[in-house]
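Chemist: Requesting a structural model of the entry that follows:
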Amino acid sequence: MARIVVIGAGLGAMATAARLAVAGHGVTVYERGSTYGGAVGRFERDGFAFDTGPGLLHLPAVYRDLFVKTGKEPLEERVALTQVDPAARHVFADGTRVDLPNASRAGTVAALDTALGAGAGERWGDFLVRAREAWDRTRRPLLEEPRPADPAPLAREPYPALKPGLLRRPTTTLAQVGARELREPRLAALLDAYAWSYGFDPATAPASAAVLPYMEQTFGSWYVGGGLRALADAVYERCRERRVAFVFDTPVEAVLEKDGRAVGIRTAGGDTVEADHVVSGAPVPALYRDRVVEGGAGDGLPGHQAIGTSRVTACLALRGPRESEAVHRTVVHAEGERPTVTVLRPDDPALRPDADHESVTVTATVPTAPERDAAGWEAFTERMVEAAGRAVPGLRERLLWQHVRTPEDVRRDTGAAEVPGPALAGAGGRLLPADNRSPLPGLWFAGGWSHPGGGLAHAGMSGALVAGFIVEGADFRGSR
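Modeler: Numbers count the residues shown, from 1 in each chain. Purely as a prediction, here's the structure:
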C-alpha cells in the first residue's frame, strides 16, 4: 500500500482519490479552500441556489463507470439524472428560434429544416458525419488511453474538411468550417456557439472542435437533480466511504523532492507530509507559476493550453413562477455589443424558495485579459442580462437581485482565472493538456488541465477518466 497525497478537491482529484483508495492505498486530499468541488460550485441566498460552474452533464457513462469501479452502488442511486429535452433552444440575432431535441439526429435535421429552411438540416447532418470521423480518430487517444510518448500525430488536424476551391486556403478553423460547409449564417452561428460554450473563439479554434456538437448531439445532455453540485456531493461521499481523508483550508506550498523524485508536500503552514506519490488536481500552469513545483516557464509549461478565456456568471433571483413553455437551456446568440449567452432555467424545486420564484443562471465566455474593473464588469453584466431577456419573458420586471461571478472569482476558487478547454487534436498540439506523468517522477497530474479529457472538465468529467489510467497504468506500490 502506498501513501498518496492529492492536491486539490476538485471533481478530477476526488475521482482519482476514490479509485486509488479502492485499490488499497492510503489517500489524503489537501484542499486550499473550505469545501470540495473546485469549479463545480454553488451559490445560495434567500432560498435560491445556483450552480456556479457547469450546469449540465455530458457523457454520464464516465461517472457511472466511476461509481461501479469504486463500489457496488450505482450512480443513479446517489443522484437523479434526467435528459434535458429539448437539449437547447437557440435564439438567433434575427429573432429566429429553433428547439434542438436531445440526442436525435433525425429530430435535429427536421427542426433545422423547419426553422431555417429546406436543406439546412441536411447540411448540418452532413457536417456531423464528418465530425464523427474526427471523433472516431481522436476518442481513444484523447479519452481512453495514456498520452502517447510521441504526441505528434495528435497535433495533426483530424477533421476531414471538404476540399477547398482552387484559390482557397485549406480549412483550418471552426469558423471556416461554418462558412464553407454550412453556408448559412445561422447554421454557422449555431456551430460557433458550441465553440464559445467550451471557451474557444471559433475564429481560432481548430476544425477538430467539430467533435463538441457531435458529442452533445450524440450522447445527449443530462441534468443532475439539485444541480451539478449534487454530483460533487456524491463523489465526495464516495471518497469518504472509501476512507479518503480530507484536509480543508490548507494550501500546498511546495511539492517536496529527494533524489530527483516527489516525496511529499509542504503546506502553507509549514507542515511537511511524506508520501510515496503526489497527485495534483490543481491547474498545472499555476503549480509552476507559484513555484509549488520547480522548473518550467512561460508557454513551455506542461499543460499550458493558453486558450485565454474564462467565464462570467450572473445568478438571477426572479419573482414569479417559471412559465410552462420555458426550456431548460437557451442559447441567445450575439447581436451588436450583446455577447452570446447561455441561459439555464432548471425546473427544480431544490433551487428556489417556492413555486412562485425561479433561479436563472446566465453565462458568457470572456477573454482573461485585459482585466475589467468593477464598472466594466457591471456594464458587461448588463449586456448579458439584456440578452437573457430574449429567453426569459419579463426578466427585468421579475428580477429581485443578481449575484455576479467574474474571472477573479474563478481564480479564487480554482487557482486559475482561465477555464481549461477540451483536449483537442490539431492546432499543432497547442490544445493538448499535460501528460498525467509529470516531468518529476512520483508526481502525477489529474483533472481538467491534464490528459485525458481535459475539456470534459467543462462537465466535470476528466478526473473520472484520468483516474482509471493512474490506477491501472502506474506502479503505486510504496517506493521508499
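
Chemist: can we go C-alpha only for contacts and neighbour counts from here?
Modeler: OK.

Chemist: Which of the three states applies to residue 168?
Modeler: Here residue 168 is recorded as coil under DSSP: H, G, I helix; E, B strand; the rest coil.

Chemist: what pLDDT does it get?
Modeler: pLDDT, residue 168: 71.

Chemist: swap in residue 452?
Modeler: The model's pLDDT for residue 452 equals 64.

Chemist: got any ranges where this structure has weak pLDDT?
Modeler: 166-167, 296-306, 452-480 (pLDDT under 70).

Chemist: can you give me the helices for it?
Modeler: 11-22, 61-69, 105-116, 120-139, 152-155, 174-177, 185-197, 211-219, 229-241, 284-289, 374-388, 395-398, 407-414, 462-473 (DSSP state H).

Chemist: looking at those helices, which is buried most?
Modeler: helix 11-22 (a mean of 29; mean count of other CA atoms under 10 Å).

Chemist: Does anything pack onto that helix? Which helices or strands?
Modeler: The elements that helix 11-22 packs onto, with contact taken as 3 or more CA pairs under 8 Å, 6 or more residues apart in numbering; DSSP states H and E, are strand 3-7, strand 26-30, helix 61-69, helix 229-241, helix 462-473.

Chemist: If we use 10 Å, what do you get?
Modeler: Contacts defined by 3 or more CA pairs under 10 Å, 6 or more residues apart in numbering; DSSP states H and E place helix 11-22 against strand 3-7, strand 26-30, helix 61-69, helix 229-241, strand 245-247, strand 277-280, helix 462-473.

Chemist: As CSV, those with distance to residue 87 would be great.
Modeler: Output for the helices and strands packed on helix 11-22, formatted as CSV (distance: least, CA to CA, whole Å):
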stretch, distance to residue 87
strand 3-7, 35
strand 26-30, 36
helix 61-69, 18
helix 229-241, 20
strand 245-247, 37
strand 277-280, 34
helix 462-473, 22
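
Chemist: Compare these and give me the one nearest residue 307.
Modeler: helix 462-473 (17.6 Å; CA to CA).

Chemist: Can you add distance to residue 164 and give the helices of the chain back as a markdown table?
Modeler: Shown next, in a markdown table, are these (distance: least, CA to CA, whole Å):
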| stretch | distance to residue 164 |
| --- | --- |
| helix 11-22 | 41 |
| helix 61-69 | 38 |
| helix 105-116 | 25 |
| helix 120-139 | 15 |
| helix 152-155 | 21 |
| helix 174-177 | 10 |
| helix 185-197 | 17 |
| helix 211-219 | 21 |
| helix 229-241 | 45 |
| helix 284-289 | 38 |
| helix 374-388 | 36 |
| helix 395-398 | 45 |
| helix 407-414 | 39 |
| helix 462-473 | 35 |
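
Chemist: so which of the ones you listed gets nearest residue 368?
Modeler: When the helices of the chain are compared (using CA to CA), the closest one is helix 407-414, at 7.0 Å.

Chemist: Tell me which of the helices of the chain lies nearest to residue 92.
Modeler: helix 185-197 (6.8 Å).

Chemist: buried sites along stretch 157-164?
Modeler: Buried positions in stretch 157-164, judged by neighbour count with 16 or more other CA atoms under 10 Å: 157, 158, 159, 160, 161.

Chemist: Could you do stretch 337-345 as well?
Modeler: Buried residues in stretch 337-345 (16+ other CA under 10 Å): 338, 339, 340, 341, 342, 343, 344, 345.

Chemist: now stretch 260-269
Modeler: Quick answer for stretch 260-269 (16+ other CA under 10 Å): 261, 262, 263, 264, 265, 266, 267.

Chemist: The helices of the chain: which one's closest to residue 275?
Modeler: helix 11-22 (13.7 Å).

Chemist: If you drop the residues flanking it in sequence, what lies closest to residue 239?
Modeler: residue 18 (4.9 Å; CA to CA, 6 or more residues apart in numbering).

Chemist: what sits against that neighbour?
Modeler: 25, 27, 66-67, 69-71, 235-244, 464, 467 (CA atoms under 10 Å, 6 or more residues apart in numbering).

Chemist: Then residue 275?
Modeler: Contacts of residue 275 by CA under 10 Å, 6+ apart are 2-6, 26-28, 256, 262-265, 442, 478-480.

Chemist: Tell me how many other residues surround the residue nearest to residue 138 when sequence neighbours are not counted.
Modeler: Nearest residue to residue 138, sequence neighbours excluded (CA to CA, 6+ apart): residue 425, at 7.0 Å. Neighbours of residue 425 under the rule other CA atoms under 10 Å: 30.

Chemist: quick one: residue 425 and residue 140 touch, right?
Modeler: No: the criterion here is CA atoms under 10 Å, and residue 425 misses it with residue 140 at 11.7 Å.

Chemist: hang on, the earlier thing: for the buried residues of stretch 337-345, which one is nearest residue 195?
Modeler: Closest to residue 195, out of all of these and judged by CA to CA, is residue 340, at 11.0 Å.

Chemist: Got the phi and psi for that closest one?
Modeler: Note on residue 340: backbone dihedrals following degrees, to the nearest 10 are phi -70, psi 130.

Chemist: Can you select the buried ones from the contacts of residue 275 in PyMOL?
Modeler: Of the contacts of residue 275, the buried ones can be selected in PyMOL as follows, counting by 16+ other CA under 10 Å:
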select buried, resi 2+3+4+5+6+26+27+28+256+262+263+264+265+442
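
Chemist: count of residues packed around residue 371?
Modeler: 12.

Chemist: which ones are touching residue 308?
Modeler: 199, 200, 201, 366, 367, 368, 369, 417, 418, 419, 420, 421.

Chemist: got the contact list for the residue lying closest to the fifth one once chain neighbours are set aside?
Modeler: In space, not counting the residues next to it along the chain, residue 367 is nearest to residue 309; the distance is 4.2 Å by CA to CA, 6+ apart. The contact partners of residue 309, by CA under 10 Å, 6+ apart, come to 196, 198-201, 365-369, 407, 417-421.
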